[in-house]
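> build me a model from this:
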Amino acid sequence: MTRQLLHILLLFLSSNFTLFAGEFSENNNSPEKEGQKNEIVQKKLSEDFALKLYGEAEMLKFLQPDSAISLYQYAISESIKSKDSILWVKSLTSLSYLYAHNGNFGHAYDGYWSALSLANQVKDDLLRINIYNGLGWLYSFYERNSLSGQYFDKAIAICRENKTIDPYIVVDNYYAKATLARKMDDIEKARNYLDSCVILKENITNASEDRNDNSFIEAEYGYLLYEDGEYDKALARLKPLDKYFTTYQHSYLVIYDYFIGNIYQKKGQLKMSEKYYDSALKAGQQHKSHSDLIPIIYEELSKVKLKTGKTKEAYQFLQKAKELNEKQYGSRSVSNRKFLEIKDQFRKEQENQKKVLQEKELERLLQESKINYLRNIIFYITIFALVLLVFFIYRNLRNKYKADKQLFIEKQKMEEQKIKEVLEIKNKELTASVLQIIQHEETLAEIKKELTELKKEPDTNQINKLSKKINLNTNNNWKEFEARFVEVNENFYKELNERFPKLTQGDQKICALIKLNFDSKGMAKLLGISTESVHTTRYRLRKKLGLSRQDNLEEFISHIG
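Numbering: from 1, shown residues only. Modelled structure (predicted):
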């Protein structure tokens, strides 16, 4: 309901803006004409607003009946303010139609007769036709079939006199007569009226595809076949219409599914019958329409439950039907007591009494409209202020979040840069250490060579001691290198040992040097072995790592750690 009130306010404000924009462009500032202008503007505002409200109500009447009722009431109030009698009658007629479908027959009755009185004053044939049609349906709900038929006939008579009336309105009233004849068990007359509907529609030229659709007429033909006991033929004629009603006329499923349920009950297919009765009730609850049929559906559902041995449920449905019948038609019902007491003599009341009542009603509606308008203005100003407050809070929180996120990203980048710089320094130190080891190894190799030549001279023990000392120095250099390598690549040895636990220390040294992109010559100098020994060690290493000839050893090692 609140959403609907907001929509009403927006409609009103849009009308205000359009009209005031047009008036503001004029430059005549005469005090006398200014008053006339204000009166014209106010009237135009009410007319446009009432028309928009009426249009919205028409769209919502089967989707949101309660909202549509409120909109119709607002449209009536605005049309009274603008003195738009045509829209006043249209809104009152549509509201009465909706009341009738919702089971508020007393309100519908009052509304239709008030609308008829106004329509007679403005002498509008189309309005009178719609009111007579509505009264015909209303009286049929109470099985006052004779009066119902008279009002349908009055509508048809006006259509015949006024050739400008849309021919489809004539079709609608013949369709109503056919439905009424079926309810009175006059199947032949009902079929004749339906045939008339078909012939009239065929004679109408330039008709749109939607208006040429005969689904409602076909449904009535199917109901007549049901009344004739031709159940299979009735189903064959009705079933193809399901898609149309489900898609375009969902509220009509109350009647359609009810008749399908009746057919299946007659055929003894009780599960199918119960399914369609349930579907009819759901459609009625959803759209709050065809309320006169709901008690009857509960009665039929009670019969199905009784046939299936579910006596408790059958009793509950029968009780429900009785309650609804009492509520809608019973004399003890407060909402319908007035309807049962009202007779047609109110149409014979004096014109002056009608005017007094209308003026009082007009005054009440105007007062109510003013109160509702002010209440809505206060409400929506409050809503607008709350929305602004929420917007500013949200914007501040969003800006703070962005700033915190940016600060975090900057810190993360700085930390990554710092780690990168430290890693580069460690790698440089490691490379320098390796180069120092290589240079040291070359120097030691030369010394070793000279000492080997001295072996020809005496003092062999001294030479052997120097050679052992050189080997010890080499091992110490390697340990220093290994310590620095592990510091930079701490996960390398761990992953290598986990994946290949059978590798020797020499194999691990080769892997570490390959990781640092050393060639075979550099490895030989660093390890103090020949190049051929390095090749042999690499070959054995490939086997231990399970690599084929096509696999690249350097690329494989680079992905470890």
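> centre of the chain to stretch 230-238, how far?
Mean-position distance between stretch 230-238 and its chain equals 37 Å (Cα atoms, centre = their mean, to the nearest Å).
> buried residues in that stretch?
231, 234, 235, 237, 238 (16 or more other Cβ atoms under 10 Å). In this view, the C-beta of every residue, glycine as well, is placed from N, C-alpha and C.
> hang on, residue 507 packs against residue 541?
Yes - counting by Cβ atoms under 8 Å, residue 507 touches residue 541, with 5.4 Å between them.
> who has more neighbours out of those two?
Taking neighbours as other Cβ atoms under 10 Å, residue 507 and residue 541 compare with residue 541 leading, 21 against 18.
> the strand or helix carrying the more buried one packs against which elements?
Using DSSP states H and E, the element containing residue 541 is helix 531-544. If contacts are counted by 3 or more Cβ pairs under 8 Å, 6 or more residues apart in numbering; DSSP states H and E, helix 531-544 sits against helix 505-515, helix 520-527, helix 553-558.
> including distance to residue 496 and mean pLDDT, could these go into CSV?
Listed next are the helices and strands packed on helix 531-544 as CSV, based on distance: least, Cβ to Cβ, whole Å; pLDDT from 0 to 100:
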stretch, distance to residue 496, mean pLDDT
helix 505-515, 6, 84
helix 520-527, 17, 80
helix 553-558, 9, 87
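> which of these sits closest to residue 181?
Of all the helices and strands packed on helix 531-544, helix 553-558 sits nearest to residue 181, with 92.7 Å by Cβ to Cβ.
> which neighbouring elements make contact with the closest one?
Applying 3+ Cβ pairs under 8 Å, 6+ apart, we find helix 553-558 packed against helix 505-515, helix 531-544.
> any idea which of those is most buried?
Mean neighbour count, computed with mean count of other Cβ atoms under 10 Å, is highest for helix 505-515 among these, reaching a mean of 18.
> what's the angle between that one and helix 520-527?
Comparing the axes of helix 505-515 and helix 520-527 via axes from the mean of the first three to the mean of the last three Cα atoms, to 10 degrees yields an angle of 130 degrees.
> what about residue 105, neighbour count?
Close neighbours of residue 105, defined as other Cβ under 10 Å, add up to 25.
> surely it touches residue 138?
Yes - counting by Cβ under 8 Å, residue 105 touches residue 138, with 6.6 Å between them.
> spatially central residue for this protein, please.
Taking Cα atoms, centre = their mean, the centroid of the chain lies closest to residue 63, which sits 15.4 Å from it.
> could you look up the SS state of it?
coil (DSSP: H, G, I helix; E, B strand; the rest coil).
> gap between it and residue 84?
For residue 63, the distance to residue 84 (Cβ to Cβ, to the nearest Å) stands at 26 Å.
> can you check residue 147 too?
31 Å.
> which one's more surrounded, these two?
residue 84 (19 against 15).
> list the residues that contact residue 309.
By Cβ atoms under 8 Å, 6 or more residues apart in numbering, residue 309 lies in contact with nothing.
> phi and psi next, for it.
Here is the backbone geometry of residue 309 (degrees, to the nearest 10): phi 80, psi 10.
> about what we covered before: as JSON lines, the helices and strands packed on helix 531-544 with distance to residue 93 would be great.
Shown next, in JSON lines, are those (distance: least, Cβ to Cβ, whole Å):
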{"stretch": "helix 505-515", "distance to residue 93": "92"}
{"stretch": "helix 520-527", "distance to residue 93": "103"}
{"stretch": "helix 553-558", "distance to residue 93": "87"}
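> for the ones you listed, which one sits closest to residue 318?
helix 553-558 (84.7 Å).
> buried by neighbour count: which residues of that closest one qualify?
Residues of helix 553-558 classed as buried by neighbour count (16+ other Cβ under 10 Å): 553, 557.
> using PDB, write out every CA atom in the helix or strand harbouring residue 155.
Here residue 155 is covered by helix 145-161, with elements defined by DSSP H and E. Extracted C-alpha coordinates of helix 145-161, given in PDB (Å, rounded to 0.1, in the frame of the first residue of the first chain):
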ATOM      1  CA  ASN A 145     -32.000 -13.900 -13.300                       C
ATOM      2  CA  SER A 146     -35.100 -12.100 -14.600                       C
ATOM      3  CA  LEU A 147     -33.800  -8.700 -13.500                       C
ATOM      4  CA  SER A 148     -30.300  -9.700 -14.700                       C
ATOM      5  CA  GLY A 149     -31.500 -10.400 -18.200                       C
ATOM      6  CA  GLN A 150     -33.500  -7.100 -18.300                       C
ATOM      7  CA  TYR A 151     -30.300  -5.100 -17.600                       C
ATOM      8  CA  PHE A 152     -28.400  -6.900 -20.300                       C
ATOM      9  CA  ASP A 153     -31.200  -6.200 -22.700                       C
ATOM     10  CA  LYS A 154     -31.100  -2.500 -21.800                       C
ATOM     11  CA  ALA A 155     -27.400  -2.400 -22.600                       C
ATOM     12  CA  ILE A 156     -28.000  -4.200 -26.000                       C
ATOM     13  CA  ALA A 157     -30.900  -1.800 -26.800                       C
ATOM     14  CA  ILE A 158     -28.700   1.300 -26.300                       C
ATOM     15  CA  CYS A 159     -26.000  -0.400 -28.600                       C
ATOM     16  CA  ARG A 160     -28.600  -0.800 -31.300                       C
ATOM     17  CA  GLU A 161     -29.800   2.800 -31.100                       C
END
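> what packs against that helix?
Looks like helix 145-161 contacts helix 125-141, helix 167-183 (3+ Cβ pairs under 8 Å, 6+ apart).
> among those, which comes closest to residue 318?
Closest to residue 318 of those, according to Cβ to Cβ: helix 125-141, at 21.0 Å.
> how about the helix holding residue 155: buried residues?
So for helix 145-161, counting by 16+ other Cβ under 10 Å, buried means 145, 148, 149, 151, 152, 154, 155, 156, 158, 159.
> and if you look at stretch 377-397?
residue 380.
> got it, and stretch 294-311?
For stretch 294-311, a neighbour-count test (16+ other Cβ under 10 Å) marks 294, 295, 297, 298, 299, 300, 301, 302, 303, 304, 305 as buried.
> in TSV: those residues, plus pLDDT and distance to residue 374.
Below are the buried residues of stretch 294-311 laid out as TSV (pLDDT from 0 to 100; distance: Cβ to Cβ, whole Å):
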residue	pLDDT	distance to residue 374
294	89	39
295	90	43
297	92	45
298	92	45
299	91	49
300	91	50
301	91	49
302	91	51
303	91	55
304	90	54
305	89	53
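> from those, which is closest to residue 198?
Each of the buried residues of stretch 294-311 was scored against residue 198 by Cβ to Cβ, and residue 297 proved nearest at 28.9 Å.
> low-confidence bits of the stretch 151-300 of the chain, can you list those?
Within the stretch 151-300 of the chain, the ranges that satisfy pLDDT under 70 run 205-212.
> let's see that with 80 instead.
Within the stretch 151-300 of the chain, the segments meeting pLDDT under 80 span 204-213, 288-289.
> could you do the stretch 401-550 of the chain as well?
By pLDDT under 80, the weakly predicted segments of the stretch 401-550 of the chain are 418-490, 525-528.
> alright, I will stop here.
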